[in-house]
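[1] got a predicted model here, sequence first, then my questions.
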Amino acid sequence: MISRVAVGLMQEGVTTAIATPRSLGDPESAGLTTHVAYDDLGWQVTLKSRAAGLLTLLASEEYAGWAGGGSEGGTIDVIHAWGHAAWPMAVELARETDSAVVLDVWSMGAAEQIRRTERSAARGREEAVRGVWLAPSRGLLSQTEPRAHLWPCQMLHWGVHAPEKIPAFEKKAQWSIGVVCSGEMPEATIAMLQGIAQVAPSYPEMLVFLDEAGVANDHRVWRAAQEAGLLDRLSVIADMESRRELVLRTDLLLLPDVAGETRSIILDAMAHGVVVIADASTSSDAIIDGRTAMTVGGRGAEHWARAIRNVLDDEDTHAAIRKEAHRLILTERRGHVHVSALMRVYEGLTTGEPIAFRAAGPPHSSR
């Protein structure tokens with residue numbers, strides 16, 4: 001999603017660079033967007049020097065003086081960070097460049113870091129770093145507002161590209177299931193795998209693509225898949241959320257451990273006719289149980305099995321969910337709407353104009 005936002009901003013005349021943690025590997029530049037890696041590992045006392053190192057790199061000839069010093073260079077106006085692990089670096093960069101920060105609160109875990117981040121932004125200078133908190137859903141906004149005291153909060157829905165039409169629903173002999181998970185809740189992933197195993201005998205050609213994060217840190221998950229007899233139909237995929245072309249070729253997208261989170265892959269799946277089944281405690285308000293997706297309210301395998309059967313066994317339900325999910329993306333979660341809303345936020349920060357609360361999101365449909 002970040003790359004798509006960068007491209008959209010460039011179309012609006014905004015020069016962008018995408019900085020990613022070096023611990024994730026060297027970034028691959030694509031198209032006209034500048035990609036750079038920063039040192040994310042180190043003690044807090046080294047944060048200032050690591051931020052200075054990133055700014056020096058961006059000002060170097062290697063990056064055509066992107067941030068000052070070259071013919072293409074210029075000042076940095078806004079630093080936008082999505083993952084909360086990047087917030088300290090974003091605030092330090094803003095402090096060093098006298099720019100503003102925009103921080104997306106994508107999960108409850110991120111919301112819990114708000115006060116600490118604001119304290120950091122208020123230290124070390126006469127005036128605090130300017131900023132704004134963005135929440136991509138109503139649930140996350142309700143968690144952000146009580147915690148934020150330094151910066152305003154605003155709800156701004158994420159958006160994705162959506163084709164005007166999706167292929168017509170057709171019943172298949174071979175269904176495919178994608179599973180995106182973080183590995184933070186292994187018990188939830190195990191229950192989901194056991195639920196798939198209950199349904200699998202009715203669909204002998206079913207294929208399951210499991211995010212490697214789900215098995216990397218807890219051997220119990222792999223053992224559960226083995227004991228459930230799923231290994232002959234299971235493929236483990238590294239960094240599955242980034243491999244969207246694979247996810248969008250599946251029929252179902254299962255998210256067992258998204259409690260208190262929202263993820264852009266949910267919107268991509270809905271936009272392309274992939275039915276989403278997620279833990280009911282997700283913070284994504286694009287998920288409306290029985291209309292745009294199916295949710296699983298219980299922790300047991302039988303709850304997952306029931307939700308999967310409701311989609312695979314009932315052609316009318318399957319087709320209706322695909323249609324309504326696609327409609328929601330087309331009307332309320334378009335990528336260009338997201339970019340336009342971000343532009344208004346950025347302009348408010350850089351011109352000093354007040355930022356209207358909750359004004360940047362698209363209108364909600366009546367439900």
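    Yep, that arrived. Just so it is clear, the model here is predicted, and its values are computed rather than measured.
[2] just the helices in the stretch 101-250 of the chain please.
    With DSSP state H, counting those that start in this stretch as the criterion, the stretch 101-250 of the chain has helices at 108-111, 114-121, 138-144, 186-199, 213-216, 219-227, 244-247.
[3] can you get me a residue count around residue 23?
    Residue 23 has 11 neighbours, counted by other C-beta atoms under 10 Å. Glycine gets a C-beta too; all of them are placed from N, C-alpha and C.
[4] shouldn't it be within a strand?
    No. Assigned with DSSP: H, G, I helix; E, B strand; the rest coil, residue 23 falls outside any strand and is helix.
[5] quick one: contacts for it?
    Residue 23 makes contact with 40, 41, according to C-beta atoms under 8 Å, 6 or more residues apart in numbering.
[6] now do it, the pLDDT please.
    For residue 23, the pLDDT comes out at 87.
[7] that one and residue 294, how far apart?
    35 Å (C-beta to C-beta, to the nearest Å).
[8] isn't residue 325 up against residue 293?
    Yes. Checked against C-beta atoms under 8 Å, the pair residue 325 and residue 293 is within contact range at 6.5 Å.
[9] what pLDDT is listed against the nearest residue to residue 97 once chain neighbours are set aside?
    Counting by C-beta to C-beta, 6 or more residues apart in numbering, residue 97 lies nearest to residue 76, which is 4.7 Å off, once chain neighbours are set aside. On pLDDT, residue 76 comes in at 91.
[10] with residue 42 instead?
    89.
[11] repeat for residue 198
    97.
[12] now it, nearest residue through space, not along the chain?
    Using C-beta to C-beta, 6+ apart and skipping the chain neighbours, the partner closest in space to residue 198 is residue 305 (4.0 Å).
[13] checking my notes, that neighbour in a strand, right?
    No. Using three-state DSSP, the assignment for residue 305 is helix, not a strand.
[14] so who does it touch?
    195, 196, 198, 199.
[15] how close does the closest residue to residue 147 other than its chain neighbours get to residue 345?
    Of all residues beyond its chain neighbours, the one nearest residue 147 is residue 114 (4.2 Å), with distances taken as C-beta to C-beta, 6+ apart. From residue 114 across to residue 345, the span is 17 Å (C-beta to C-beta).
[16] got it, and residue 306?
    In terms of C-beta to C-beta, residue 306 sits 41 Å off from residue 345.
[17] out of these two, which sits in the busier spot?
    Per other C-beta under 10 Å, whichever of residue 306 and residue 345 has more neighbours is residue 345, with 22 against 16.
[18] ok, that one touching residue 134?
    Yes. Shown here, residue 345 and residue 134 form a contact pair, counting by C-beta under 8 Å, at 7.1 Å.
[19] packing partners for the helix or strand harbouring residue 19?
    Using DSSP states H and E, residue 19 sits within strand 17-21. The helices and strands touching strand 17-21, judged by 3 or more C-beta pairs under 8 Å, 6 or more residues apart in numbering; DSSP states H and E, are helix 2-11, strand 34-38.
[20] so which of these is nearest residue 301?
    Set against residue 301 and scored by C-beta to C-beta, these come closest in helix 2-11, at 35.1 Å.
[21] buried residues in that closest one?
    Within helix 2-11, the residues scored as buried using 16 or more other C-beta atoms under 10 Å are 2, 4, 5, 6, 7, 8, 9.
[22] residue 167: which of those residues is nearest?
    residue 4 (22.1 Å).
[23] ok, the closest one to residue 285 distance?
    20 Å.
[24] quick one on the thing from earlier: could I get the helices and strands packed on strand 17-21 as CSV with distance to residue 171?
    CSV is the format used below for the helices and strands packed on strand 17-21 (distance: least, C-beta to C-beta, whole Å):
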stretch, distance to residue 171
helix 2-11, 32
strand 34-38, 42
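[25] out of the ones you listed, flag the one nearest residue 162.
    Shortest distance between residue 162 and these, using C-beta to C-beta, is found for helix 2-11: 11.8 Å.
[26] relative to residue 80, how far out is the residue nearest to residue 77 when sequence neighbours are not counted?
    Leaving aside its chain neighbours, residue 77 sits nearest to residue 350 (5.0 Å; criterion: C-beta to C-beta, 6+ apart). To residue 80, residue 350 is 12 Å away according to C-beta to C-beta.
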